[in-house]
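Chemist: Pasting a predicted model and its sequence here:
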Amino acid sequence: MTVINPIEEAEALADKLSGLDLAGRLSFVAGLGGRVVFTTSLGIEDQVITAEIGTHRLPIDVVTLQTGRLFPETLALIDETESQYDIHITRYEPEQADIDAYAAKYGINGFYESVEARHACCGVRKLKPLARALAGATIWITGLRRGQSANRAETPFAEYDAERHLLKVNPLADWDIEKIKAFVADNGVPVNPMHARGYPSIGCEPCTRAIKPGEPERAGRWWWEQDEKRECGLHVAEEATAIAVQQ
């Protein structure tokens, strides 16, 4: 795919995707050429995308960031998903040298002590593996939805990621959680059993708790921090995260 003006290209793609259903969105993107990568955290929305990729045998690389601190239920779901859809989910893990350097500076659980330390941990366990996962990709597919948090309320169907120099596609941007759950029920999609235990958003085990009634979907992530827009840095350009990754 030849991109003359990547921002305009992303806007045109977003307009095109808005008129298609999920299968159509994924099929269209898969046909644009180049390496197309879907990063899954095995959350319920990501499972919907994986189900469509596997069911329609789409030429999209499915990858996950196996941080080393995921819940056992998440790890088990990777194997179950591969088996059900006859696909391979490539695991990208952090480098041991990076983990050791982090622990020497902050302590293995130092992310509880400061935002800087937490960003540094996400940098080591998520951002650096993500960079390897997206190497050579022209399009990055995510499971971002507008209803996940206030910080994601304006999520477009497609955007240009200037930091990574690729098109980022969010095919579930306009889906709400009820539509997600209905798709899962109607299509027998395997999901993390922790969702039924009050965990709508599931990340690393030390950094995820169940949410309380009335809380936003992502309130259980890095709950000890006060910033309501807190993210790991995968989907926002944060100076602190950028510094952490360079260390």
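Modeler: Received it, and whenever you're ready, just let me know what you need.

Chemist: Low-confidence stretches in this protein?
Modeler: 1-4, 149, 227-247 (pLDDT under 70).

Chemist: what ranges do the helices span in it?
Modeler: Under the criterion DSSP state H, the chain carries helices at the ranges 6-18, 22-30, 44-55, 72-85, 96-106, 115-122, 128-133, 177-187, 239-246.

Chemist: Can you lay out those as JSON lines showing mean neighbour count and distance to Ala210?
Modeler: C-beta coordinates here come from the backbone N, C-alpha and C atoms, glycine included. Below are these laid out as JSON lines (neighbours: other C-beta atoms under 10 Å; distance: least, C-beta to C-beta, whole Å):
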{"stretch": "helix 6-18", "mean neighbour count": "16", "distance to Ala210": "33"}
{"stretch": "helix 22-30", "mean neighbour count": "18", "distance to Ala210": "28"}
{"stretch": "helix 44-55", "mean neighbour count": "22", "distance to Ala210": "15"}
{"stretch": "helix 72-85", "mean neighbour count": "16", "distance to Ala210": "13"}
{"stretch": "helix 96-106", "mean neighbour count": "14", "distance to Ala210": "26"}
{"stretch": "helix 115-122", "mean neighbour count": "22", "distance to Ala210": "20"}
{"stretch": "helix 128-133", "mean neighbour count": "18", "distance to Ala210": "26"}
{"stretch": "helix 177-187", "mean neighbour count": "14", "distance to Ala210": "16"}
{"stretch": "helix 239-246", "mean neighbour count": "15", "distance to Ala210": "26"}
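
Chemist: quick one: which of those is nearest Glu205?
Modeler: With C-beta to C-beta as the criterion, Glu205 lies closest to helix 72-85 of the helices of the chain, at 8.5 Å.

Chemist: could I have the closest one exported to PDB, CA atoms only?
Modeler: Coordinates of each C-alpha in helix 72-85 appear next as PDB, following Å, rounded to 0.1, in the frame of the first residue of the first chain:
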ATOM      1  CA  PRO A  72      -2.800 -18.000  34.900                       C
ATOM      2  CA  GLU A  73      -6.300 -17.700  33.400                       C
ATOM      3  CA  THR A  74      -4.900 -15.400  30.700                       C
ATOM      4  CA  LEU A  75      -2.100 -17.800  29.900                       C
ATOM      5  CA  ALA A  76      -4.500 -20.700  29.700                       C
ATOM      6  CA  LEU A  77      -6.800 -18.700  27.400                       C
ATOM      7  CA  ILE A  78      -3.900 -18.300  24.800                       C
ATOM      8  CA  ASP A  79      -3.700 -22.100  24.400                       C
ATOM      9  CA  GLU A  80      -7.500 -22.500  24.300                       C
ATOM     10  CA  THR A  81      -7.900 -19.800  21.700                       C
ATOM     11  CA  GLU A  82      -5.200 -21.300  19.400                       C
ATOM     12  CA  SER A  83      -6.900 -24.700  19.600                       C
ATOM     13  CA  GLN A  84     -10.400 -23.400  18.900                       C
ATOM     14  CA  TYR A  85      -9.500 -21.300  15.900                       C
END
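
Chemist: Run the chain-centre distance for that helix.
Modeler: 16 Å (C-alpha atoms, centre = their mean, to the nearest Å).

Chemist: To Val169, which of the helices of the chain lies closest?
Modeler: helix 22-30 (5.3 Å).

Chemist: and that closest one with helix 6-18, angle?
Modeler: Orientation note: helix 22-30 sits at an angle of 150 degrees relative to helix 6-18 (axes from the mean of the first three to the mean of the last three C-alpha atoms, to 10 degrees).

Chemist: and helix 22-30, how far from the chain's centre?
Modeler: In terms of C-alpha atoms, centre = their mean, the centre of helix 22-30 is found 18 Å from the chain centre.

Chemist: do the same with stretch 118-128
Modeler: Centre-to-centre, stretch 118-128 and its host chain are 14 Å apart (C-alpha atoms, centre = their mean).
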